[in-house]
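S.K.: quick check, what structure comes out for this input:
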Amino acid sequence: MTEPAARTARSIDDHLERVRTRLERLDAPAGAEAAANGAVLVDIRYAALRDRDGLIPGALVVERNELEWRLDPLGDYKLPEATGHDLTVVVICNEGYASSLAAASLQDLGLHRATDLDGGFQAWRAAGLPVIPPEGSWSPSGGTMNASSRPARSTRS
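M.R.: Purely as a prediction, here's the structure:
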């Protein structure tokens with residue numbers, strides 16, 4: 001590593017800590033309240049996690065590599081929900097790490113009310129907030145079941 005690079009290099013943990021000083025992170029109940037008050041929840045988890053654990057009702061699903069393109073109010077590829085820079089956006093990943101970096105990136109685009117969910121989807125589910133179960137989930141009572149509590153399917157005909 002060159003001398004100038006060594007002076008400016010930082011670990012991802014240091015970067016994450018610095019980025020989080022800009023965010024007013026929300027816990028799961030506050031995230032649900034924000035959504036009820038008009039905030040846009042954005043799920044950036046990758047498909048395998050959504051398929052395994054389910055979805056948050058009403059949350060937009062936007063792949064992380066498309067997030068800025070879809071939420072930039074000035075962009076050509078924006079979603080209809082990207083109505084302006086005053087939009088409150090709550091980014092949700094699986095455990096609340098990648099979402100902090102993503103929310104900071106949205107702030108860099110001028111979405112000054114962007115933040116993330118502390119603990120991510122796992123905190124949302126642990127708080128008992130609504131989750132749409134993955135397709136193919138089985139529950140004898142018709143209730144929501146997560147992947148870890150789903151019974152094995154019978155192979156008998």
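S.K.: ok, which stretches of this structure are helices?
M.R.: Secondary structure of the chain, counting by DSSP state H: helices at 3-8, 12-20, 28-36, 47-53, 67-71, 98-108, 120-126.
S.K.: what about the residue nearest the centre of the chain, distance to residue 13?
M.R.: Central residue check for the chain by C-alpha atoms, centre = their mean: the C-alpha nearest the mean position is that of residue 92, 1.3 Å away. Taken as C-beta to C-beta, to the nearest Å, the spacing of residue 92 relative to residue 13 amounts to 21 Å. Any C-beta I mention is one placed from the backbone N, CA and C, and that applies to glycine too.
S.K.: what's the answer for residue 121, then?
M.R.: When distances are taken as C-beta to C-beta, residue 121 and residue 13 turn out to be 21 Å apart.
S.K.: more crowded one of these two?
M.R.: In this view residue 121 and residue 13 are compared by other C-beta atoms under 10 Å, and residue 121 has more residues nearby, 27 against 9.
S.K.: quick one, what contacts that one?
M.R.: Neighbour list for residue 121: 43, 45, 49, 53, 56, 92, 93, 94, 95 [criterion: C-beta atoms under 8 Å, 6 or more residues apart in numbering].
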